[in-house]
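**Q** quick one: sequence plus predicted model below, questions after.
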Amino acid sequence: MSAPTVGLRASRPAYALFVLPFVTVYALMLLWPLAKGIYTSFHDHDLLSDDSFWIGLGNYKELLNDEVFHEVVWNTLRFVAISTPIFVILSLMLAIALNRPGKLATFLRATFFCASVFSVTLITLVWKLALMPERGLIAQMFAALGIPELPLLTSDAFALTTIALVTVWWIIGLPMILFLSALQQIPSDIYEAAALDNTPRWRVLTHITLPSLKRAIVLVALIEIIRQFQVFPQIMLMTNGGPNNTTRSIVQFTYEQAFMQLSLGYATAASQVLLAIMLVGVSTQLWLERDKGGKR
Amino acid sequence: MNPLLRRGWFDRIVMAALTLLALAWMAPLLWVVALSFKPNEFLLRHTDVFLAPPYTLANYLDILQTSQVFRWLGNSALVALLQTAGVLVLSSLAGYGFARCEFPGRKWLFALVMFGLAVPAQSVFIPLHRLFSDWDLQNTIAGLALPGLAAPFGVYLMTQYFKAIPAELEEAAMLDNASRFKTFLTIILPLTLPAQATLGIFTFLACWNDYLWPLVIATQPDMYTLTRGLASTQTNFAQSEGLGFLMAQAVFAGVPALMLYLFFQRHLVTAVAGTGKS
């Protein structure tokens, strides 16, 4: 980049007016509620009576001993652990196979991506219909194949996995795009050299393609971990946290504590736990990407 | 040419397998679309007949007459349009300010804004809801649209974009003694149209599909967005008005998003690829 002239570089307080509108909105609707939430988390705040008094770390201590909270953290971790590997592996395979010109490939890319543009409530409606006992599409497919019907949404063993698979079905297109854009950044001369040597396909894959994608793979995994940690609406709509609390997530817990139990302090304390996890995740992501700037 | 893609029998098998997988992938959606044209009474007995008759438009006519989906559609469109316009204006101004101007405190302000990328909406929605009820914004269009304006991603995206525009263009305008704001508005801003489209379609879809915020801020059914309203029809799933009606609602809700996707495919893909580079 060429050096800007003195006129452009001159520092003037008036230029801050460009950023002022956004910064005001940002402070008012993100920073202020963030600070207020942290402040509230040190209080016992009952919304019904609107009584609030300072209890220090009381809410956090209660969370540590709350078995339901342990369960929701465990469920959220399980959800992330089930969905992230499938997201990474499946989207990577799709991206490698579909990273080519041609009408069919374009059509298939669009097909796998298209569910991502639908809202979560549309997805849950479609899948609740498809997963209906007896009359649902899945039950009928199982019957046609002679497989006994499984209680996919109503049993402790399957419910969370089913929701995780529906989530993968819904937004597999997003990591696929990230991998596709990473694939297109691999310099073509490496491939050309391999083609001249008649290198076998699997060697090209394991020696050129996958090593070049190492950073993208880590990044996509991290993005999915961050994203799936915040899972909530599809769970609320498909199982409402059941059966036996086996699908209730952290965000659902905070929502229910605030809007059903009306204990604001406790709910915001649980939110801070989520925020802390997110801050670790995103800082790791930024740190990984800083490394990229250093290397190339 | 990428040697992973050499033509041949292996290649054909892979593409054929993927085509089959794509078909299976779409099966639930196609099933819902097909059955939405069947009478409710028929669906009580058969859900395995897709293309054969009977056909009916009754489920779609029911939507027109009995449900509030048009009201919700209007709310969704209004909220998403307002939010998108707001995000574009605020992000463009701030992006230009951060990328091209020098003013005291610029660096730490930018760091503060970038910190927001790590704060998920899910961790602030409870105090934000308290704030909005204090401001009497519950069940209003403004209440639905405003929180989305505090989007650091937009500022990040625009800042990157403005940084990539050569400085010479601005210098020439400055020599003509044009004011900084006028230069921004007439010279630089028009160059950012592709980025505006990318950010715009991304914001619009995110707002259109948002569930958590409308869930807590819109409590009256006539202030629901389409996404929120579609959830309310699912809660009493077992005793609902009939499968065909539910399926028709799903199709109705899906069409606007699908159309946006088809029109703005390229911009949407660019935006998604951009989220991985924050």
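**A** Here it is on my side, so go on.
**Q** quick check: the residue of chain B nearest chain A.
**A** B:Gly97 (2.9 Å; Cβ to the nearest Cβ). Any C-beta I mention is one placed from the backbone N, CA and C, and that applies to glycine too.
**Q** wait, does stretch A:277-292 make contact with chain B?
**A** Yes: on the criterion Cβ under 8 Å from any Cβ of the partner chain, stretch A:277-292 is in touch with chain B at A:278-279, A:281-283, A:285-286, A:289.
**Q** residues near A:Met260, how many?
**A** For A:Met260, the number of neighbouring residues by other Cβ atoms under 10 Å in any protein chain shown comes to 9.
**Q** now it: how far from A:Gly241?
**A** For A:Met260, the distance to A:Gly241 equals 11 Å [Cβ to Cβ, to the nearest Å].
**Q** A:Phe69 now?
**A** Taking Cβ to Cβ as the measure, A:Phe69 falls 13 Å from A:Gly241.
**Q** for chain B, what is the nearest residue in chain A?
**A** For chain A, Cβ to the nearest Cβ, closest residue to chain B: A:Phe18, 2.9 Å.
**Q** what sits against that residue?
**A** Contact criterion Cβ atoms under 8 Å, 6 or more residues apart in numbering or on different chains gives B:93-94, B:96-98, B:101, B:184 as the residues in contact with A:Phe18.
**Q** kindly recompute the last result at 7 Å.
**A** The neighbours of A:Phe18, taking Cβ atoms under 7 Å, 6 or more residues apart in numbering or on different chains as the test, are B:93-94, B:96-97, B:101.
**Q** buried ones from the residues you listed, can you make that a ChimeraX selection?
**A** Only the buried entries of those go into this ChimeraX selection, using 16 or more other Cβ atoms under 10 Å in any protein chain shown:
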select /B:93,94,96,97,101
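**Q** dump stretch A:47-59 to CSV, restricted to CA.
**A** Extracted C-alpha coordinates of stretch A:47-59, given in CSV (Å, rounded to 0.1, in the frame of the first residue of the first chain):
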residue,chain,number,x,y,z
LEU,A,47,-38.2,-10.5,38.8
LEU,A,48,-41.6,-11.2,40.4
SER,A,49,-41.0,-8.9,43.3
ASP,A,50,-38.2,-7.0,41.6
ASP,A,51,-36.1,-7.3,44.7
SER,A,52,-32.4,-7.3,44.3
PHE,A,53,-29.6,-7.6,46.8
TRP,A,54,-25.9,-8.2,46.5
ILE,A,55,-24.8,-11.8,47.2
GLY,A,56,-21.3,-11.7,45.7
LEU,A,57,-20.4,-15.0,44.1
GLY,A,58,-23.5,-16.7,45.5
ASN,A,59,-25.0,-17.4,42.2
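**Q** what comes up buried for it?
**A** Judged by neighbour count using 16+ other Cβ under 10 Å, the buried positions of stretch A:47-59 are A:47, A:55, A:58-59.
**Q** out of these, which one has the lowest pLDDT?
**A** Checking pLDDT across these, the minimum falls on A:Leu47 at 85.
**Q** sorry, back to before: closest to A:Phe118 among the buried residues of stretch A:47-59?
**A** Out of the buried residues of stretch A:47-59, the one with the shortest distance to A:Phe118 is A:Leu47. That distance is 33.8 Å, counting by Cβ to Cβ.
**Q** hang on, that closest one packs against A:Leu264?
**A** Yes: the criterion here is Cβ atoms under 7 Å, and A:Leu47 meets it with A:Leu264 at 5.4 Å.
**Q** report the central residue of chain B.
**A** Note on chain B: the residue nearest the mean C-alpha position is B:Leu205, at 1.0 Å, using Cα atoms, centre = their mean.
**Q** before we move on, back to that, any chance of TSV for the residues of stretch A:277-292 next to chain B, columns pLDDT and secondary structure?
**A** What follows is the residues of stretch A:277-292 next to chain B, written out as TSV (pLDDT from 0 to 100; DSSP: H, G, I helix; E, B strand; the rest coil):
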residue	pLDDT	secondary structure
A:Met278	90	helix
A:Leu279	91	helix
A:Gly281	89	helix
A:Val282	86	helix
A:Ser283	86	helix
A:Gln285	84	helix
A:Leu286	80	helix
A:Glu289	74	helix
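**Q** flag the shaky bits of the stretch 101-250 of chain B, pLDDT-wise.
**A** Under the criterion of pLDDT under 70, the regions of the stretch 101-250 of chain B flagged as low confidence span B:236-241.
**Q** would you map the helices across it?
**A** B:106-115, B:125-134, B:141-145, B:152-163, B:167-175, B:180-183, B:193-209, B:212-217, B:226-232, B:243-263 (DSSP state H, counting those that start in this stretch).
**Q** export those as TSV, with columns for distance to chain A.
**A** What follows is those, written out as TSV (distance: least, Cβ to the nearest Cβ, whole Å):
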stretch	distance to chain A
helix B:106-115	6
helix B:125-134	4
helix B:141-145	11
helix B:152-163	6
helix B:167-175	5
helix B:180-183	7
helix B:193-209	4
helix B:212-217	6
helix B:226-232	4
helix B:243-263	4
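**Q** grab the nearest non-local neighbour of the residue of chain A closest to chain B.
**A** Closest residue to A:Phe18 apart from its sequence neighbours, by Cβ to Cβ, 6 or more residues apart in numbering or on different chains: B:Gly97 at 2.9 Å.
**Q** need the contact list for the one you found.
**A** When the contact criterion is Cβ under 7 Å, 6+ apart, the partners of B:Gly97 are A:15, A:18-19.
**Q** picking that back up, out of the contacts of A:Phe18, flag the one nearest to B:Gln122.
**A** So of the contacts of A:Phe18, ranked by how close each gets to B:Gln122 (Cβ to Cβ), first place is B:Ala94, at 23.9 Å.
**Q** surely that closest one touches A:Phe22?
**A** Yes: applying Cβ under 7 Å as the test, B:Ala94 and A:Phe22 come out as touching, 3.7 Å apart.
**Q** what sits in contact with each of the two?
**A** B:Val155.
**Q** where do the strands of chain A begin and end?
**A** Listed in chain order, the strands found in chain A under DSSP state E are A:43-46, A:51-54.
**Q** quick one: which of those strands is nearest A:Gln184?
**A** In this view, the strands of chain A are compared for proximity to A:Gln184 by Cβ to Cβ, and strand A:43-46 is the closest at 51.2 Å.
**Q** including neighbour count, could the residues of stretch A:277-292 next to chain B go into JSON lines?
**A** What follows is those, written out as JSON lines (neighbours: other Cβ atoms under 10 Å in any protein chain shown):
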{"residue": "A:Met278", "neighbour count": "19"}
{"residue": "A:Leu279", "neighbour count": "15"}
{"residue": "A:Gly281", "neighbour count": "18"}
{"residue": "A:Val282", "neighbour count": "20"}
{"residue": "A:Ser283", "neighbour count": "12"}
{"residue": "A:Gln285", "neighbour count": "20"}
{"residue": "A:Leu286", "neighbour count": "14"}
{"residue": "A:Glu289", "neighbour count": "14"}
